[in-house]
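Student: need coordinates for the below:
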Amino acid sequence: MREGRLITPQQWRSGIAAWLGWTFDGLDMHLYTLVYAQFVAQLVHASTTRDPRVGYYASIIQGAFLLGWALGGGLFGRIGDRLGRSRTLCLTILTYAAFTGLSSLAQEWWQLCLFRFLSALGIGGEWAVGASLLAETWPRRWRPWIAAVLQTGVNVGILMAVFAHWAMAGIVSTQPRWLFVVGVLPALLVLWVRRAVPETEEWSAARRKEQHALPRIRDLFRPEIRRTTLLVVAVCALGLTGHWAFMFWNQIHFKNLPDVIGLSDREKGDWGRMVLYLVIVSSILGNFVAAAFARRFGYRRVIVWMCAGYFLAMCGCYAVEWPHRRLYYLLALPGFFQGLFALFTMYLPPLFPTLLRTTGAGFCYNIGRVVSAFGVVFFGLATNVGDYRLTLLLAGGLFVPAAITALFLPERRDAGPG
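Tutor: Residues are numbered from 1 along each chain as shown. Coordinates of the predicted model:
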């Protein structure tokens, strides 16, 4: 049978559901990065975004978001292994849509912090559930490309956030809170997912077989898989800390450059959108290049290469204090090497037994966000106000131990039939 005929209607529906879930993940996760400086300044009654309180509280809010993402990966990963992929996917989408929308009602910085934490529970859970859903439904030889397409959903969602910010520029320039209302839209997806996407046959069969002896989280540390668990946690923790420090602090660093700081809030917002757009378009290209390399050379080698590339890209951007127009184009480099994270989508779930699959992928990938949550806050508090170049260089340095650790990961290839 030809490869194209192996894709059934159920597989297409599962793929579309996971892709849309990830797309709205990207939308809801990055609405905050576009308006946080202005919104937090309003919540703490600061007269300018250079007020030290803005960076302080903004980093705490982002840290809480990453912490919620980590806990959500473990929480909904466990629910996904017990309740099923499709139903849990619906729960994760409803969670992040509801609490992103409620962020628009925040009157104090701690309220925004709470809503971002709760929305992140759903975002972290959706990653693990969507990855396992596709790992159990799509043919093995398609998985590197599915990983790239799925990660591209996040990128498209981020571009949707950029578009929403542009479309609402007149309102957002004075009332940034209203941008979060856009985050309610993903809730509409649940109506279709619940009707069109059944549970996977692999999960259903494993659930029937192990009905009276369901695996527990501590089973991730059984002797036969403990080494894999610890290695994956280490690589994800290091990589995600460096990545999220870049994604969060590159915006405020760019807007505080000497030739940008004097611009109006609206002009700064325009530059912020342009920077994010460039990074994300570059990331989409990186997703597919990483997938092509993984198909030929295996996941482990390409994970090592992409970590090393991310480190060199960060050095290129921040080892020298570039004029803002030169730095703008250089930011395409770390964007490209974000293709690293597309690889984890299909690489992680099959490393674990079926009824530990969502738990394992969610725990190992998202527990790294606990470290990255504290890392983002630490880097933000340890830097001089308005100068985040050293922060970003230090964050980029984390990709070196990530690359070294990745050398010891299990090898997997998805280029064969099946």
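Student: pLDDT (mean, whole number) over stretch 86-104?
Tutor: For stretch 86-104, the mean pLDDT works out to 90.
Student: could you list the low-pLDDT ranges of the protein?
Tutor: Residues of the chain that meet the criterion pLDDT under 70 lie in 1-6, 203, 206-215, 368-387, 413-418.
Student: repeat that for 50
Tutor: Scanning the chain for pLDDT under 50 picks out the ranges 1-4, 385-386, 415-418.
Student: helices or strands up against the longest helix seen in it?
Tutor: Assignment by DSSP state H gives helix 9-43 as the longest helix of the chain. Under the contact criterion of 3 or more CB pairs under 8 Å, 6 or more residues apart in numbering; DSSP states H and E, helix 9-43 touches helix 52-83, helix 85-102, helix 109-135, helix 143-167, helix 189-196, helix 223-255, helix 265-297. (C-beta placed from N, C-alpha, C; glycine too.)
Student: of all those helices, which lies closest to Leu356?
Tutor: helix 52-83 (6.7 Å; CB to CB).
Student: list the buried ones in that closest one?
Tutor: For helix 52-83, the neighbour count (16 or more other CB atoms under 10 Å) marks 54-81, 83 as buried.
Student: mind listing what's buried along the longest helix of the chain?
Tutor: Applying 16+ other CB under 10 Å to helix 9-43 flags 11, 13-43 as buried.
Student: could you do stretch 352-370 as well?
Tutor: Those would be 352-370, for stretch 352-370 by 16+ other CB under 10 Å.
Student: next one: stretch 317-331
Tutor: For stretch 317-331, by 16+ other CB under 10 Å, it's 317-318, 322, 324, 327, 330-331.
Student: show me the contact partners of it.
Tutor: Applying CB atoms under 8 Å, 6 or more residues apart in numbering, the contact partners of stretch 317-331 are 250, 254, 257, 259-260, 271, 274-275, 278-279, 282, 316, 333-334, 389, 392-393, 396.
Student: buried only: go through those residues for me.
Tutor: Buried, going by 16+ other CB under 10 Å: 250, 254, 257, 260, 271, 275, 278-279, 282, 316, 333-334, 389, 392, 396, out of these.
Student: so which of those residues comes closest to Ile225?
Tutor: Using CB to CB, Gly396 comes nearest to Ile225 of these, at 31.0 Å.
Student: surely that closest one and Gly309 touch.
Tutor: No. At 10.9 Å, Gly396 and Gly309 do not qualify as touching, with contact defined as CB atoms under 8 Å.
Student: out of the buried residues of stretch 317-331, which sit inside helices?
Tutor: Assigned to helices by DSSP H, the following of the buried residues of stretch 317-331 qualify: 317-318, 324, 327, 330.
Student: would a markdown table of these with distance to Ala187 be doable?
Tutor: What follows is those, written out as a markdown table (distance: CB to CB, whole Å):
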| residue | distance to Ala187 |
| --- | --- |
| Cys317 | 37 |
| Tyr318 | 39 |
| His324 | 38 |
| Leu327 | 38 |
| Leu330 | 38 |
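Student: now for the residues you listed: which two are most distant?
Tutor: The span of these, defined through CB to CB, is set by Tyr318 and His324 at 13.1 Å.
Student: state the distance from the closest residue to Pro401 other than its chain neighbours to Arg87.
Tutor: Spatial nearest neighbour of Pro401, chain neighbours left out: Leu238 (5.5 Å); criterion: CB to CB, 6 or more residues apart in numbering. Per CB to CB, to the nearest Å, Leu238 is found 33 Å from Arg87.
Student: the two: who's more crowded?
Tutor: Higher neighbour count among Leu238 and Arg87: Leu238, with 25 against 15, using other CB atoms under 10 Å.
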